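J.: Let me see the structure of the following:
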Amino acid sequence: MKKELLLVEEMASFENYLIEAVKKYAHTSEELLEAMTYSLSTGGKRFRPLLLLAAVKLGKGSMTDAFPVAAALEWIHTYSLIHDDLPAMDNDDYRRGKLTTHKAFNEATAILAGDALLTAAFNIILDQEDIPANKRVQLAKSLGEASGANGMVAGQMADIQGESVSLTFDDVVAIHKKKTGALIEFAVLAGSLIADMSVNASVSLHKYAEHLGLAYQIHNDLKDVVLTEDESGKQANRDQELGKNTYPSLLGLEGAIQKLDDEIAEAEKQIELIRQSDDTKLNLALLDVFIELLEFVKLDQGV
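T.: The predicted structure is shown next:
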């Protein structure tokens, strides 16, 4: 992967910002702050904030405005992982090869750390006085839609209800559009809004994110089947044990791999449409970042 394309300097700065910013919203309890920062420091490629920052840079927007929103997005994502790993949900002991938060601390602290990250996400967006008030409200509202009862949480609920029940391919796509795709789509929506991107560019970028979100989930499903616990950092074949409907179970291994390739190709088409537009308000050289981001969801890559 071409590291120079993936905003290395910006992401290094963001990594420091992500941890330092959370301290502002958890200064009353040392144990709570420790659990929050532990959960944020267990690895991962910061895929969603990277996508958001890339969209802002594509539209020649402000990184100062982008960082708090990208942090909010990563906090929401991290809270969801903390809660996903709990015994009442997926009951996982390890994530990315490290103890999950409820194992490193305890269940109550893990739940509260997730709650704190969730609520802090909206605080940090609404606190940014350099972002116009109408944009702050739109960003917070859109993040709430993407992460709440009409987005990620709805997808999680539908995923649980679908365990050990045969679902159609379209049913599973609808679940994952909310469970996984909603936050990925928010990343480009937020980036487009912060950068005041044109309608045409925003629409193409959103379609790109839709295909990317589906590819991301197919990739995760395939990892559960084809990677060992050492390779993935999680228990292998966990989805099968839980009776989940996955793309390999619906399409077969080869069918799921082909569907992954198809979604990646469709995402690439949307980026080429933007490139062909010659939009002078965009830094078109940054489109290569979006092509490179698709490397994350190819089967030989981890996410």
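
J.: Ala195 is in contact with Val69, correct?
T.: No: judged on Cβ atoms under 8 Å, Val69 makes no contact with Ala195 at a distance of 11.3 Å. Glycine gets a C-beta too; all of them are placed from N, C-alpha and C.

J.: before we move on, which element is the residue most central in space within the chain in?
T.: The chain has Arg48 as the residue nearest its centroid, 4.1 Å off, counting by Cα atoms, centre = their mean. Under the criterion of DSSP states H and E, Arg48 resides in helix 47-58.

J.: helices or strands up against that helix?
T.: In terms of contacts (3 or more Cβ pairs under 8 Å, 6 or more residues apart in numbering; DSSP states H and E), helix 47-58 is packed against helix 8-24, helix 63-84, helix 182-194, helix 199-226, helix 287-293.

J.: quick one: buried residues of that helix?
T.: Using 16 or more other Cβ atoms under 10 Å as the test for burial, helix 47-58 gives Phe47, Arg48, Pro49, Leu50, Leu51, Leu52, Leu53, Ala54, Ala55, Val56, Lys57, Leu58.

J.: Now render the helices and strands packed on helix 47-58 as TSV, adding mean pLDDT.
T.: Output for the helices and strands packed on helix 47-58, formatted as TSV (pLDDT from 0 to 100):
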stretch	mean pLDDT
helix 8-24	94
helix 63-84	98
helix 182-194	98
helix 199-226	95
helix 287-293	95
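
J.: Most tightly packed of those helices?
T.: helix 182-194 (a mean of 26; mean count of other Cβ atoms under 10 Å).

J.: Just the angle for that one relative to helix 47-58, thanks.
T.: Per axes from the mean of the first three to the mean of the last three Cα atoms, to 10 degrees, the angle that helix 182-194 makes with helix 47-58 is 20 degrees.

J.: by how many degrees do helix 182-194 and helix 63-84 diverge?
T.: 170 degrees.

J.: what angle separates helix 182-194 from helix 199-226?
T.: 150 degrees.
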